[in-house]
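**Student:** Give me the fold of what follows.
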Amino acid sequence: MTKRLFALFLVCAALTSCIQDEPLNSECDIETCRVVMDDPLAVFYSESDAVASVLSVDTIIAFSTREKANRDLLKSVALELQITPGATVVPASGSVQDFSGEGVHYTVTSQDGRWKRTYLVRFVPKESLNPKFDFEDVELEPNKQKYYQWFAYDNSGVRQDLWATGNSGFALSRSSAKPMEYPTIPWEDVVNVYDDQGNPVSKKSVKLETCDTGGFGAMVNMRLAAGNLFLGTFDTANALVDAMAATRFGVPVNRFPDRFRGYYKFKPGARFQDRAGKTVEGVVDAPDAYAVLYRNTDKDGNPVILKGDDVLTHANIVAMARVENFLHTGVEPGDPWKYFDLELEYKEDKNYELLYNYGYNLTVVFSSSVKGAEFEGAVGSIFLVDEAEIVFE
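**Tutor:** Okay, here's the model as predicted:
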């Protein structure tokens, strides 16, 4: 009996030691953010607008309010924050803050005290999407500055963080890559478009390139990454688990899109490969560019977000325009830019009451390989895009 008790003591001591020696959590993320107020519909179009699920790459949390919401209602607002276990946040979750101005910064410190992450939380009126996509506003991702991300400004000069890429997913497989080695980067070759005074309007374009993901990519059967740029968000945490679910397409709009326009150059890579990395003879890579309008709720009022596996097929799709038959132009500075101008084709009647309440989402998508979402394509395919736009009715 004494030996058994002694053995039990040793086991308990060992378990206690394991618990004590377990490293403290080094994560410092806001996972969800909820606005606490008595009447959320006085500020938001729907109660779901008062809750934000924060992606791992987000540093700005923007709540979209009614266009003419009383800003005085934002002078004393509390946010309930769900953060990673063991972390701390300043200002504290549940504390009342003034969001009537440019926003409030929240700093999350990891449990081990070694890491910090700062978020800007803003309340921004739901302005209609800036329809001109000139791709001039670009910056390095602020946390580690490893890759580029795009943004724009609305007609009131308010920043809109509506563009996403898969660059953060590429960082998981090629962590040593420099910013200009990523699949989606800013580029200096621009289309010759001029304003009324004869001045060039374009200073940057976007270069999308299908890239090899290296040994790690091969290990997880994701051997290439197509350069992409789209209206929506990219969920890095899901990139290796469910790549199709990682791309979340669409932003709310309050006008019906009529046409999709832009300029491009394209050069296919030399060898088209399937997901296993085997050459597919006789297949030449092609890029992709399309605009999709869809209803952002189901028949029960639940939110709907289109993802990589249904962005072109979902039953909620209302209208679409997709570029076909891309020309191989070459991608050198002297090679010609080609123009496309497509009408969105509607397959159901327009609901203006739904439109007024931002019941539609619009996405615009560019990719250097049309089958890139399935990890098929040609490494080295290059797709340049510049001065694109959506023409609203």
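**Student:** from here on, contacts and neighbour counts on C-alpha atoms
**Tutor:** Noted.
**Student:** need the helices for the stretch 51-200 of the chain, in chain order.
**Tutor:** 167-173 (DSSP state H, counting those that start in this stretch).
**Student:** what's the closest non-adjacent residue to G377?
**Tutor:** Among residues not flanking G377 along the chain, F272 sits closest, at 5.1 Å (Cα to Cα, 6 or more residues apart in numbering).
**Student:** same question but for V138, I mixed them up
**Tutor:** W150 (4.4 Å).
**Student:** okay but that neighbour is in contact with P142, surely?
**Tutor:** No. When contacts are counted by Cα atoms under 8 Å, W150 is not listed as touching P142 (12.0 Å).
**Student:** which residues of the stretch 101-250 of the chain score low on pLDDT?
**Tutor:** Applying pLDDT under 70 to the stretch 101-250 of the chain flags residues 127.
**Student:** follow-up on the earlier one: would you mind telling me which of W150 and P142 has the busier surroundings?
**Tutor:** The neighbour comparison of W150 against P142 (other Cα atoms under 10 Å) goes to W150, with 22 against 14.
**Student:** K265: neighbouring residues, count only.
**Tutor:** Residues lying near K265 (other Cα under 10 Å) number 25.
**Student:** In this structure it contacts K338, no?
**Tutor:** Yes. K265 is within contact range of K338, at 6.4 Å (criterion: Cα under 8 Å).
**Student:** Identify the contacts common to the two.
**Tutor:** 327, 329 (Cα atoms under 8 Å, 6 or more residues apart in numbering).
**Student:** sorry, back to before: from V385, how far off is the residue nearest to V138?
**Tutor:** 13 Å (Cα to Cα, to the nearest Å).
**Student:** What of Q97?
**Tutor:** From Q97 to V385 the distance is 42 Å (Cα to Cα).
**Student:** more neighbours, these two?
**Tutor:** V385 (30 against 16).
**Student:** Partner strands of the host helix or strand of that one, with direction?
**Tutor:** Following DSSP states H and E, one finds V385 within strand 382-392. Here strand 382-392 has these sheet partners by DSSP bridges: strand 132-133 (antiparallel), strand 205-209 (antiparallel), strand 257-267 (antiparallel).
**Student:** And the contacts of it?
**Tutor:** Residues outside strand 382-392 that contact it (Cα under 8 Å, 6+ apart): 131-135, 190-191, 202, 204-210, 255-269, 287, 331, 367-368.
**Student:** Tell me how far that strand lies from the chain's centre.
**Tutor:** Taking Cα atoms, centre = their mean, to the nearest Å, one finds the center of strand 382-392 at 17 Å from the center of the full chain.
**Student:** Residue numbering should commence at 755 henceforth.
**Tutor:** Got it, the first residue is 755 from now on, which makes the last one we talked about strand 1136-1146.
**Student:** Buried residues, that strand. List them.
**Tutor:** By neighbour count with 16 or more other Cα atoms under 10 Å, strand 1136-1146 contains the buried residues 1136-1145.
**Student:** do stretch 901-917 as well
**Tutor:** 901-906, 914-917.
**Student:** got the end-to-end distance for that stretch?
**Tutor:** 14 Å.
**Student:** what sits up against it?
**Tutor:** Applying Cα under 8 Å, 6+ apart, the set of residues contacting stretch 901-917 from outside is 878, 881-884, 889, 891-895, 918-919, 921-922, 932-934, 936, 938-940, 983-987, 1005.
**Student:** And stretch 885-900, by the same measure?
**Tutor:** With Cα under 8 Å, 6+ apart as the test, stretch 885-900 has contacts from 813, 871, 901-906, 925, 931-933, 940, 956-960, 1140-1146.
**Student:** can you pull the buried residues of that stretch?
**Tutor:** Applying a neighbour-count criterion of 16+ other Cα under 10 Å, the buried positions in stretch 885-900 are 887-890, 895, 900.
**Student:** Tell me which of those residues fall in strands.
**Tutor:** Judged by DSSP state E, those include F887 as members of strands.
**Student:** Would you mind listing which of the contacts of stretch 901-917 are buried?
**Tutor:** 878, 881, 883, 889, 895, 918-919, 921-922, 933, 936, 938-940, 983-987, 1005.
**Student:** Where does the record place the domain boundaries for this structure?
**Tutor:** According to automatic domain parsing, the chain comprises the domains 778-880, 881-1146.
**Student:** what about the first one, start to end distance?
**Tutor:** End-to-end distance of domain 778-880 (Cα to Cα): 40 Å.
**Student:** Show me how far it is from its chain's centre.
**Tutor:** Its chain's C-alpha centre lies 18 Å from the corresponding centre of domain 778-880 when counted by Cα atoms, centre = their mean.
**Student:** May I have the beta-bridge partners of G1016?
**Tutor:** Beta-bridge pairing for G1016 (DSSP bridges): F1094.
**Student:** count of neighbours near it?
**Tutor:** Using other Cα under 10 Å: G1016 sits among 21 other residues.
**Student:** What segments of the stretch 755-904 of the chain are strands?
**Tutor:** 784-790, 805-807, 814-819, 831-837, 842-844, 850-851, 858-863, 870-879, 886-887, 892-894, 902-904 (DSSP state E, counting those that start in this stretch).
**Student:** And the longest one, what does it pack against?
**Tutor:** Right, the one you point to is strand 870-879. For strand 870-879, the elements it packs on are strand 814-819, strand 858-863, judged by 3 or more Cα pairs under 8 Å, 6 or more residues apart in numbering; DSSP states H and E.
**Student:** what is the orientation angle of the first one with strand 870-879?
**Tutor:** If you take axes from the mean of the first three to the mean of the last three Cα atoms, to 10 degrees, strand 814-819 sits at 20 degrees to strand 870-879.
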